[in-house]
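In: Quick one, structure for this:
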Amino acid sequence: MNDKIKITATIKADTKKVWDYYTNPLHITKWNFADPSWHCPTAENDMQIGGTYKARMEAKDGSFGFDFEAVYTDIQDGKQFAYEFGGRVATIIFDKLDNQTILSIEFDPENENPIEMQRDGWQSILNNFKNYVES
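Out: Sure thing, here's the model as predicted:
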């Protein structure tokens, strides 16, 4: 398998708020898309080992959509978690820095799209999350 892809964002909020906004379905539907022409109409999160995270992503014009589904493999409350999706793993880390949070995501790339495209897509969603939390 290829090396993991890593993305980060420094968010002007404490880790408790960042964790809550990242894991609560009421918030997930507000930020979980890469650009304004998309949205996330539904999200579910059973945050426990073996629990399932589900999010629906759709183009607003209805032309395309997909379900993202993952199963939690590790949870360190308020600090980090990992989940497995389609044979790949992502680890999300919440690091406190003064009154900010550094959110880092490492994930296994898939083989269908270029690494840069995958990194840019995930980074766009993370930037959207940062903007949502800080607004």
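
In: mind checking the end-to-end distance for stretch 10-18?
Out: Criterion CA to CA, to the nearest Å; first-to-last residue distance in stretch 10-18 is 10 Å.

In: From here on, call the first residue 573.
Out: Sure, I'll start counting at 573 from here, so that last one is stretch 582-590.

In: Show me what it is in contact with.
Out: Stretch 582-590 is contacted from outside by 593, 650-651, 666-669, 671-675, 701-702, 705-706, using CB atoms under 8 Å, 6 or more residues apart in numbering. To be clear about C-beta, it is placed using only N, CA and C from the backbone, and glycine gets the same treatment.

In: all strands of this structure, in order?
Out: For the chain, the strands defined by DSSP state E cover 577-583, 610-617, 624-631, 637-648, 652-657, 660-669, 672-679.

In: what pairs with the last one, and is each one parallel or antiparallel?
Out: When you say that, I think you mean strand 672-679. strand 577-583 (antiparallel), strand 660-669 (antiparallel) (DSSP bridges).

In: Pull out the buried residues from the shortest one.
Out: Buried positions in strand 577-583, judged by neighbour count with 16 or more other CB atoms under 10 Å: Ile577, Ile579, Ala581, Ile583.
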